[in-house]
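Engineer: whatever this is, show me its structure:
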Amino acid sequence: MRITRIEPMVIELKMRWHYGWHGLISPIGRYVILRIETDEGLVGLGEAPVLPDWGGEHGRYYGEDPVTAVHVLNEYLWPILEGADPLDIAPLLQRLDAPLRGHMSAKSAVDTALHDLAGKAMGVPVYKLLGGAMTRKIPVCHSVGLASPEEAAREVAGAVADGVMAMQVKVDGDPEGDCAVIAACRAAVGDGVALNPDINTGYSTVKEAIGVIQAMAEYGIGYIEQPVEGLERMVDVTAAVNVPVMTDEGAWTPHDALEVVRNKGADAITIYYSKSGGLQRAMHVGLIAATAGLPVNVNGALEMGVGNAANLHLAAALRGVVWPSVVPVTTLEGREQCKIGGVFYTDDIITEPFEYADGCLTVPDKPGLGVELDPKKIEKYRVA
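Structural biologist: Model prediction:
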């Protein structure tokens, strides 16, 4: 089997409500869907959830946008993919790094499309290619974007009504306002619901972060995500507080994960297939965390149906302790399973939603990623 063609497509979905986090300017949901075609008629699907204003700590990893991702795919990666055997995933991924550093999201679309092709060729779901599923039920952690205390409280209450029992709550780095948001959320849902503030590096000093975390602890938070920027600061915060600290912006690659473990820079690591450059390297991050005894979850940029399939296969295959994952409950117009919990878009581009029940998504067991594109939805939401 040989690769004969790639087709990157820019797709934009409509948001259910306003959503953002500290430092985010660009809109969510304008991403690149990739089709990789072969001479045997099989097609692999991938997704690059690109954001130009989001990256690693201190500019270590740079943002991407749809224009740059399509350019990278067509000009740098296609010459390597053309005529290649799509089952040679590891050698191909290594070759993709040679002409172009970084651009992890664009490369992750290739990785996921190759895994989709391999699964279809072998007649197995992607989680089998990653070593097998530890579970096929993935607990959902609903993400609440930056909002007033009143709006955030309504959002978490609505998610609980849909059966979701874990929340990632975005706050913007204002100590008083952040505590007000968490207090309002706890009052709205009572005990028994996990509230996990995500700062996205919003606190400017270690002392500020420590003070706010200690204040938030009164509301029974589960863990705090990326309170400050920089490994040294994360080390200091992690050592000073009793609440578990999770790193996000600070851990993209397996090398980053090793540095976090060596320096005790966090108590947990959140994993994205797109940050790592694909499923293969995301699994490497997970294995490092599991070996070190650090819990993980799967996070992302609210992927569309293709990318969310990759999220679910990854979450299923990860070893060690896996906390509820910030993955969407993929929603098709007229076939909604939830009103708020895990719902970020009003529609999607795949033909079937992932099964949702009791706060969990079921990982597809069809060959490959287990999803197909809806041609009518592609035509409706394609912008380039």
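Engineer: where do the helices sit along the stretch 1-150 of the chain?
Structural biologist: Taking DSSP state H, counting those that start in this stretch as the test, the helices found in the stretch 1-150 of the chain are 66-72, 78-81, 89-96, 104-122, 126-129, 149-161.
Engineer: most packed of those?
Structural biologist: Counting by mean count of other C-beta atoms under 10 Å, helix 104-122 has the highest mean neighbour count of the helices of the stretch 1-150 of the chain, with a mean of 27. From N, CA and C alone the C-beta is placed, and that goes for glycine too.
Engineer: what angle separates that one from helix 89-96?
Structural biologist: If you take axes from the mean of the first three to the mean of the last three C-alpha atoms, to 10 degrees, helix 104-122 sits at 150 degrees to helix 89-96.
Engineer: all strands for the chain, in order.
Structural biologist: Along the chain, counting by DSSP state E, strands occupy 3-12, 30-38, 43-48, 137-139, 141-144, 166-170, 194-198, 224-225, 245-247, 268-271, 296-298, 356-357, 360-362.
Engineer: which one of the ones you listed lies closest to N74?
Structural biologist: strand 3-12 (6.9 Å; C-beta to C-beta).
Engineer: per-residue pLDDT, G123?
Structural biologist: On pLDDT, G123 comes in at 98.
Engineer: do the same with S26
Structural biologist: With respect to pLDDT, S26 has a value of 82.
Engineer: from V144, how far off is the closest residue to V237 other than its chain neighbours?
Structural biologist: Spatial nearest neighbour of V237, chain neighbours left out: A209 (5.0 Å); criterion: C-beta to C-beta, 6 or more residues apart in numbering. Using C-beta to C-beta, to the nearest Å, A209 is found at 20 Å from V144.
Engineer: which residues are in contact with D267?
Structural biologist: 223, 238, 244-246, 294-295 (C-beta atoms under 8 Å, 6 or more residues apart in numbering).
Engineer: wait, I3 sits on I80?
Structural biologist: No. Using C-beta atoms under 8 Å, I3 is not in contact with I80; the gap is 9.6 Å.
Engineer: check contacts around G250.
Structural biologist: Taking C-beta under 8 Å, 6+ apart as the test, what G250 contacts is 56-57, 226, 229-231, 234, 256, 260, 265-266.
Engineer: next one: G145
Structural biologist: G145 neighbours (C-beta under 8 Å, 6+ apart): 17-21, 170.
Engineer: and if you look at P175?
Structural biologist: Shown in contact with P175 (C-beta under 8 Å, 6+ apart): 203, 208, 211-212, 215.
Engineer: in CSV: the strands of the chain, plus distance to R186 and mean pLDDT.
Structural biologist: As requested, the strands of the chain are exported to CSV (distance: least, C-beta to C-beta, whole Å; pLDDT from 0 to 100):
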stretch, distance to R186, mean pLDDT
strand 3-12, 35, 98
strand 30-38, 33, 98
strand 43-48, 34, 98
strand 137-139, 20, 98
strand 141-144, 13, 98
strand 166-170, 10, 98
strand 194-198, 6, 98
strand 224-225, 15, 98
strand 245-247, 19, 98
strand 268-271, 21, 98
strand 296-298, 21, 98
strand 356-357, 25, 98
strand 360-362, 23, 98
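Engineer: could you export the ones you listed to a markdown table, including columns for distance to A290 and mean neighbour count?
Structural biologist: Shown next, in a markdown table, are the strands of the chain (distance: least, C-beta to C-beta, whole Å; neighbours: other C-beta atoms under 10 Å):
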| stretch | distance to A290 | mean neighbour count |
| --- | --- | --- |
| strand 3-12 | 33 | 18 |
| strand 30-38 | 29 | 23 |
| strand 43-48 | 25 | 27 |
| strand 137-139 | 17 | 20 |
| strand 141-144 | 19 | 26 |
| strand 166-170 | 20 | 25 |
| strand 194-198 | 20 | 24 |
| strand 224-225 | 19 | 27 |
| strand 245-247 | 15 | 26 |
| strand 268-271 | 10 | 26 |
| strand 296-298 | 8 | 27 |
| strand 356-357 | 27 | 16 |
| strand 360-362 | 21 | 20 |
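Engineer: in TSV: these, plus distance to K120.
Structural biologist: Below are those laid out as TSV (distance: least, C-beta to C-beta, whole Å):
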stretch	distance to K120
strand 3-12	14
strand 30-38	10
strand 43-48	7
strand 137-139	22
strand 141-144	30
strand 166-170	33
strand 194-198	36
strand 224-225	35
strand 245-247	34
strand 268-271	24
strand 296-298	23
strand 356-357	24
strand 360-362	20
